[in-house]
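Peer 1: Fold the following.
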Amino acid sequence: MAAACARSLGQIGRHALLTQRSNTGNFAALAPRISRQGGVKTYGTGGTGFRSKLINVAPLRGEGRTLGCAFLLGGGIGLYQAIKFTFQRHFAEQKTDAPETEPKLTLYQYKTCPFCSKVRAFLDYSGLPYQIVEVNPVMRQEIKWSKYRKVPILMVDDTVQLNDSSVIISSLKTFLVGKEKTIAEILICYPEMKSTNDSGKEVIEYNNKYWLMLSECQADQLYPEKESRKEEMKWREWVDDWLVHLISPNVYRTPNESLASFDYIVREGKFGTFEGFFAKYMGAVAMFLISKRLKRRHNLQDDVRQDLYKAVNDWVSAIGKTRKFMGGEKPNLADLAVYGVLRVMEGLQSFDDMMENTKVKYWYRRMERAVQQHTGQNGH
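Peer 2: Numbers count the residues shown, from 1 in each chain. Just a heads-up that it's a prediction; the model follows:
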């Protein structure tokens, strides 16, 4: 449109020059509605939609050339301003459309910790960039600044500390869906509760940690099916209360499996040379014995593989044959939690046995692709 206006102005200017050369003697041929006595006269929109006012125009001989030059100059200035405005609007739109800056995230973790793996699965699926600080599981110097001495810990912009894997995931998901409140404001909705367990040890729990703090409209968009929100919460809690407790008894089931597991832990974890040697052999023996105690605590069968197989098959049955994921066409938070916990066994005998003796394989491979491809980043 700007270019068309400039061309119209240029044509009028050229016409004015030609009119002068044709000895019209006055400006009446160019603008017949302009008064010969001068003064103010407005002439209406014609085919080009052009409207202007000529003020005190005297139809003196020889001024046609000057007026034509004025039209040409005005057309050039108009074209410049139009181009300038177009570029300014273009850059403004680019700035408006640019994605908001994501918070800076730093995850303090053990790589082989199932709770840490849950958080990484969520972050990767959501396409959120984050830094990892691998914590030495013996000295834990990397988190000595924190009163909370467990992992995972997620720091947001180096100022806000999130503890507990489910609180971390619920807080971040709430933020990504709404972005109406800061993560610090959202975190207030998950208060700490201190209590004493059966052993007399103080433990910290968090209220509402499986609940997303969404408006009714946001909840309807995220959970279009009537019962999908309750289903997601139920299975997220199941992961923390049951599935995660099957991992250690299975990966440390026999002395050989325990040694293989600690070999993997030492390779992937943050250990010094001597410390790694000590951890591999002494840790393997210790965890083999601890796994027996965990088996009794959680009332597992003598063959703990059977509990793992049943749990995984229960999960697959809950998804059903018509859904790719529990979330439908894409994973929900329960899918990500189960996947995050199970994948810590990859490379170990327990993982191979699970894939061979249960129905989880196809779901697991779909989850693997979804997380690796960050398919949740465009639809938080």
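
Peer 1: buried sites along the helix or strand Ala318 falls within?
Peer 2: Taking DSSP states H and E as the criterion, the element that holds Ala318 is helix 304-319. Across helix 304-319, burial judged by 16 or more other CB atoms under 10 Å covers 304-305, 307-309, 311-312, 315-316, 319. Bear in mind the C-beta positions are built from the backbone N, C-alpha and C, glycine included.

Peer 1: Looks like Met345 contacts Leu246 (just checking).
Peer 2: No: when contacts are counted by CB atoms under 8 Å, Met345 is not listed as touching Leu246 (9.9 Å).

Peer 1: other SSEs contacting the helix or strand that comes right after the helix holding Ala318?
Peer 2: As assigned by DSSP H and E, the chain's next helix or strand after helix 304-319 is helix 333-342. Applying 3 or more CB pairs under 8 Å, 6 or more residues apart in numbering; DSSP states H and E, we find helix 333-342 packed against helix 114-126, helix 165-178, helix 228-241, helix 361-372.

Peer 1: tell me the mean pLDDT over helix 333-342?
Peer 2: For helix 333-342, mean pLDDT is 98.

Peer 1: what about stretch 143-159, how long is it end to end?
Peer 2: 14 Å (CA to CA, to the nearest Å).

Peer 1: Stretch 341-358 now?
Peer 2: 16 Å.

Peer 1: How about stretch 123-139?
Peer 2: End-to-end for stretch 123-139, by CA to CA: 27 Å.

Peer 1: starting at the chain centroid, how far to it?
Peer 2: 16 Å (CA atoms, centre = their mean, to the nearest Å).

Peer 1: Tabulate the helices and strands packed on helix 333-342 (CSV), appending mean neighbour count, distance to Val133 and mean pLDDT.
Peer 2: As requested, the helices and strands packed on helix 333-342 are exported to CSV (neighbours: other CB atoms under 10 Å; distance: least, CB to CB, whole Å; pLDDT from 0 to 100):
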stretch, mean neighbour count, distance to Val133, mean pLDDT
helix 114-126, 24, 11, 98
helix 165-178, 23, 15, 96
helix 228-241, 18, 23, 98
helix 361-372, 16, 21, 98
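
Peer 1: export the ones you listed to TSV and tack on distance to Lys330?
Peer 2: Converted to TSV, the helices and strands packed on helix 333-342 look like this (distance: least, CB to CB, whole Å):
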stretch	distance to Lys330
helix 114-126	9
helix 165-178	13
helix 228-241	12
helix 361-372	7
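
Peer 1: circling back: comparing Met345 and Leu246, which residue is more hemmed in?
Peer 2: Leu246 (27 against 24; other CB atoms under 10 Å).

Peer 1: Spatially nearest residue to the more buried one, not counting backbone neighbours?
Peer 2: Leu308 (5.0 Å; CB to CB, 6 or more residues apart in numbering).

Peer 1: Now do the same contact list for that neighbour.
Peer 2: 246, 250, 350, 354 (CB atoms under 8 Å, 6 or more residues apart in numbering).

Peer 1: Thank you, goodbye.
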